[in-house]
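1. Quick one: sequence plus predicted model below, questions after.
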Amino acid sequence: MPAVLREGGRTNAKPRGKAPQSGASRPAQSRANRSPQGRSSPPVGGKLRAAQGVGVSPRLAATVACCVLAAGLLITLATGHRSEQLAGLAREGVASEFAGFGFRVKSVHVQGANPMSQRDILAAAAIAPGEPTLGVDLGLLRERVQRVGWVKSARVIRLLPDTIVIAVDERPPAAVWQHAGRTRVIDGFGQPIVEADPGLFNNLPLIVGAGADIAAPSILPAIAQRPRLAERVEALVRVDNRRWDLRLKDGGLVQLPAVGEDAALIQLDQLDGRQRILDLGFERIDLRDPALVAVRPRQAQATHATAPISDGV
């Protein structure tokens, strides 16, 4: 019996507190719905009903989860070129499947090319008939085509189900370059077009000598702007890789200076306009000195013979 203190005839006794209930006596459902922070959370069904309340269906939520999972997988495989390997394998598989439905290359069209260059472009493209259309690597195909000397730039288009289109911007041939026993076709920038046959371009200007290909872009337009001179020029000879000699079809020679060739050509135009000097059959017209034009007449008794064109005079 607890002790009782009597004070002033009154008795004060401290009441016993109630013992807390043990965890075993709590309802199981209460423990299951209790969150780690001590707050009770709604059941799963309640979550889905709440999601539906904001316009998100369970199927959409599952789809989003799958997309997130797939994105994580791709990021994980992105190292070590694994993503490229997976993409290549997937592309090959898709191409093979679609090939069975008629997605195979039947025709390759080349646009913007002349008949001579089309053959070289198709050879570089190396597309086999019946190859799966979706299996053609357009980037690699474009690189192969642009290695052809005729081609300045190229675009490749895939037209499903069975056509590949190669559209090119060509480098037109501008001259035939002769040096060290070799003859090549070059474009207007002096770049060789290795696939072009020089024997098929007799109508182009002939340039001769070391460095003539590099210097040609400056002299060729100047000659083309002068039709009377251009139709009489047989070859442009680069002398010591510093200046030009113009060999005329009648055996004459026009010597241009190393510096100021444009001014020398203007001077020649003025002489030809006043005296028709290009029609007089001079053996040599020396324009190397801007202050003096030296002209050597052809000897009357000499018989005309065409001298071979060499790499220098």
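-> Now that the structure is in, tell me what you want to look at.

2. alpha carbons only for contacts and neighbour counts from here, please
-> OK.

3. Please, where are all the helices along the stretch 151-300 of the chain?
-> In order along the chain, the stretch 151-300 of the chain carries the following helices (DSSP state H, counting those that start in this stretch): 212-224, 227-230, 261-275.

4. Using JSON lines, lay out those together with mean pLDDT and mean neighbour count.
-> Listed next are the helices of the stretch 151-300 of the chain as JSON lines, based on pLDDT from 0 to 100; neighbours: other C-alpha atoms under 10 Å:
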{"stretch": "helix 212-224", "mean pLDDT": "96", "mean neighbour count": "17"}
{"stretch": "helix 227-230", "mean pLDDT": "95", "mean neighbour count": "14"}
{"stretch": "helix 261-275", "mean pLDDT": "94", "mean neighbour count": "15"}
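
5. mind checking which of these is nearest residue 181?
-> For residue 181, the closest of the helices of the stretch 151-300 of the chain is helix 212-224, at 14.0 Å, according to C-alpha to C-alpha.

6. tell me the angle of the closest one relative to helix 261-275?
-> 30 degrees (axes from the mean of the first three to the mean of the last three C-alpha atoms, to 10 degrees).

7. Including distance to residue 132, could the helices of the stretch 151-300 of the chain go into TSV?
-> As requested, those are exported to TSV (distance: least, C-alpha to C-alpha, whole Å):
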stretch	distance to residue 132
helix 212-224	43
helix 227-230	52
helix 261-275	57
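
8. looking at these, which is closest to residue 130?
-> Distances from residue 130 to each of the helices of the stretch 151-300 of the chain were compared using C-alpha to C-alpha; the minimum, 42.8 Å, belongs to helix 212-224.

9. Select, out of the helices of the stretch 151-300 of the chain, the one closest to residue 166.
-> Shortest distance between residue 166 and the helices of the stretch 151-300 of the chain, using C-alpha to C-alpha, is found for helix 212-224: 28.8 Å.

10. For the closest one, name the packing helices and strands.
-> When contacts are defined as 3 or more C-alpha pairs under 8 Å, 6 or more residues apart in numbering; DSSP states H and E, helix 212-224 packs onto helix 227-230.

11. For the helix it packs on, which outside residues touch it?
-> The list of residues contacting helix 227-230 from outside it, by C-alpha atoms under 8 Å, 6 or more residues apart in numbering, reads 223-224, 278.

12. For residue 215, give me its contacts.
-> Counting by C-alpha under 8 Å, 6+ apart, residue 215 touches residue 190.

13. Recalculate using a threshold of 10 Å.
-> For residue 215, the set of contacting residues under the criterion of C-alpha atoms under 10 Å, 6 or more residues apart in numbering consists of 189-190, 207, 238, 241-244.

14. likewise residue 172?
-> For residue 172, the contacting residues are 113-114, 150-152, 185-188, 193, by C-alpha under 10 Å, 6+ apart.

15. Pick the one among the residues you listed closest to residue 216.
-> Of all those, residue 188 has the smallest distance to residue 216: 7.6 Å, by C-alpha to C-alpha.

16. Hmm, the closest one is touching residue 152, no?
-> No - because the distance of 11.8 Å does not satisfy C-alpha atoms under 10 Å, residue 188 is recorded as not touching residue 152.

17. shared neighbours, the two?
-> The contact lists of residue 188 and residue 152 share 171-172, where a contact means C-alpha under 10 Å, 6+ apart.

18. Looking at these two, which has the bigger crowd around it?
-> The residue with more neighbours, out of residue 188 and residue 152, is residue 188; 18 against 14, by other C-alpha atoms under 10 Å.

19. now that one: how far from residue 220?
-> From residue 188 across to residue 220, the span is 8 Å (C-alpha to C-alpha, to the nearest Å).

20. Between the two, which contacts overlap?
-> Each of 174-175 lies in contact with both residue 188 and residue 220 under the rule C-alpha under 10 Å, 6+ apart.

21. care to break the chain down by domain?
-> The chain breaks down by automatic domain parsing into domains covering 52-99, 107-170, 173-296.
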